[in-house]
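Colleague: Give the three-dimensional model of this entry:
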Amino acid sequence: MTGKHGDHPMPPWGTVLDAKAIDELVAYVKWLGEHQGTDATEPVPPFDLNDKARIEAGHTRFNKTCAGYCHGYDGVGGRAPDFKGRTDLTTKLAFETIYNGRVGADVMPPWGGALSDEQIWELVAYLHYLGTLPAE
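Modeller: From the prediction side, this is the model:
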């Protein structure tokens with residue numbers, strides 16, 4: 001926001017970027033720090049996936065569109081594998097699967113045409129949160 005002086009100066013961006021753009025930039029820089037040396041084509045969330053409001057929005061959307069027949073309410077008990085305690089589901093895999101769908105033994109419709117990228121990222125945030133909970 002205010003910039004930095006000294007050996008590694010940085011100009012102030014608080015008058016150029018709005019709060020949303022700064023939050024997105026911070027999330028991206030944080031993601032870069034966590035993913036050094038990984039595939040640069042990996043989708044980048046536009047917000048912090050640990051944001052409680054985004055997790056709750058994903059929870060609400062999940063229970064309206066994903067639960068019931070396929071995934072079960074709160075991510076357990078559906079026809080698909082449970083999400084609680086699941087640590088193998090990367091953000092890239094979750095985003096791409098929701099966006100593009102899947103064919104084969106585990107069919108899932110693509111949601112990229114029905115949901116915005118931001119809505120899909122909220123679902124990913126919720127799935128990420130479920131992965132931190134103990135499996136049932």
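Colleague: which residues of this structure fall in strands?
Modeller: Counting by DSSP state E, the chain has no strands at all.
Colleague: Now do the helix or strand of the chain with the lowest mean pLDDT: which elements does it pack against?
Modeller: In the chain, no helix or strand scores lower on mean pLDDT, DSSP states H and E than helix 19-34, which sits at a mean of 77. Applying 3 or more C-beta pairs under 8 Å, 6 or more residues apart in numbering; DSSP states H and E, one finds that helix 19-34 contacts no other helix or strand. No exception for glycine: its C-beta is placed from N, CA and C like everyone else's.
Colleague: Excluding chain neighbours, what is closest to residue 101?
Modeller: Excluding its sequence neighbours, the residue lying closest to residue 101 (C-beta to C-beta, 6 or more residues apart in numbering) is residue 110, at 3.4 Å.
Colleague: count of residues packed around that neighbour?
Modeller: The number of residues packed near residue 110 is 14, by other C-beta atoms under 10 Å.
Colleague: what residues does the least confident helix or strand of the chain touch?
Modeller: 1, 13, 14, 17, 44, 45, 46, 47, 48 (C-beta atoms under 8 Å, 6 or more residues apart in numbering).
Colleague: If we use 10 Å, what do you get?
Modeller: Helix 19-34 is contacted from outside by 1, 13-14, 16-18, 38, 40, 42-49, 51, 91, 121, using C-beta atoms under 10 Å, 6 or more residues apart in numbering.
Colleague: can you check stretch 91-108 too?
Modeller: With C-beta under 10 Å, 6+ apart as the criterion, stretch 91-108 contacts 31, 35, 38-39, 41-45, 49, 66, 70-71, 79-81, 83, 86, 89-90, 109-113, 115, 117, 119-121, 123-128, 131.
Colleague: at 7 Å instead, please
Modeller: 42-43, 45, 49, 80, 109-112, 120-121, 123-124, 127-128 (C-beta atoms under 7 Å, 6 or more residues apart in numbering).
Colleague: Buried residues, it. List them.
Modeller: 91, 92, 94, 95, 96, 97, 98, 99, 108 (16 or more other C-beta atoms under 10 Å).
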